[in-house]
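>>> My questions are about this predicted structure, shown below with the sequence.
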Amino acid sequence: MKPSTNRMLNRIKSIYMFIMERGTVTTQQLVDEFGITPRTIQRDLNVLAYNELVKSPARGKWTTTKKKVKLTS
């Protein structure tokens, strides 16, 4: 796996864990926490939403779904 792909997957996993721990977060909270651009956060959230791991109950807010997920190191 390319290093850039591995970095992206680790970042997406970290974003998912952050949302899971806090319940509901805003896109801006994610930008502030991870220090990356809003566009990058949006792309990562799109990956999570496509896989039905997060949903947006209101514009700019995100929460995890009830889908079971196995997290590995």
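Yep, it's here.
>>> Next secondary structure element downstream of the longest helix along the chain?
For the chain, the longest helix by residue count, based on DSSP state H, is helix 3-22. The first helix or strand that comes after helix 3-22 along the chain, using DSSP states H and E, is strand 24-26.
>>> which helices and strands does that next one pack with?
strand 61-64 (3 or more CB pairs under 8 Å, 6 or more residues apart in numbering; DSSP states H and E). C-betas here are computed from N, CA, C, even on glycine.
>>> Would you mark the buried spots in the strand it packs on?
Within strand 61-64, the residues that count as buried by 16 or more other CB atoms under 10 Å are 62, 64.
>>> Listing partners with orientation, what would you give for it?
Strand 61-64 pairs in its sheet with strand 24-26 (antiparallel), strand 54-58 (antiparallel), by DSSP bridges.
>>> what bits of this protein have low per-residue confidence?
73 (pLDDT under 70).
>>> Output the longest helix of the chain as CSV, restricted to C-alpha atoms.
C-alpha atoms of helix 3-22 as CSV (Å, rounded to 0.1, in the frame of the first residue of the first chain):
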residue,chain,number,x,y,z
PRO,A,3,2.3,5.6,2.1
SER,A,4,-0.2,8.3,1.1
THR,A,5,-3.0,5.7,1.1
ASN,A,6,-2.0,4.4,4.5
ARG,A,7,-1.9,8.0,5.9
MET,A,8,-5.4,8.6,4.5
LEU,A,9,-6.8,5.4,6.0
ASN,A,10,-5.3,6.2,9.4
ARG,A,11,-6.7,9.8,9.3
ILE,A,12,-10.2,8.5,8.4
LYS,A,13,-10.0,6.0,11.2
SER,A,14,-9.0,8.7,13.6
ILE,A,15,-11.9,10.9,12.4
TYR,A,16,-14.3,8.1,12.9
MET,A,17,-13.0,7.5,16.5
PHE,A,18,-13.2,11.2,17.3
ILE,A,19,-16.9,11.3,16.2
MET,A,20,-17.7,8.1,18.0
GLU,A,21,-16.2,9.4,21.3
ARG,A,22,-18.0,12.7,21.2
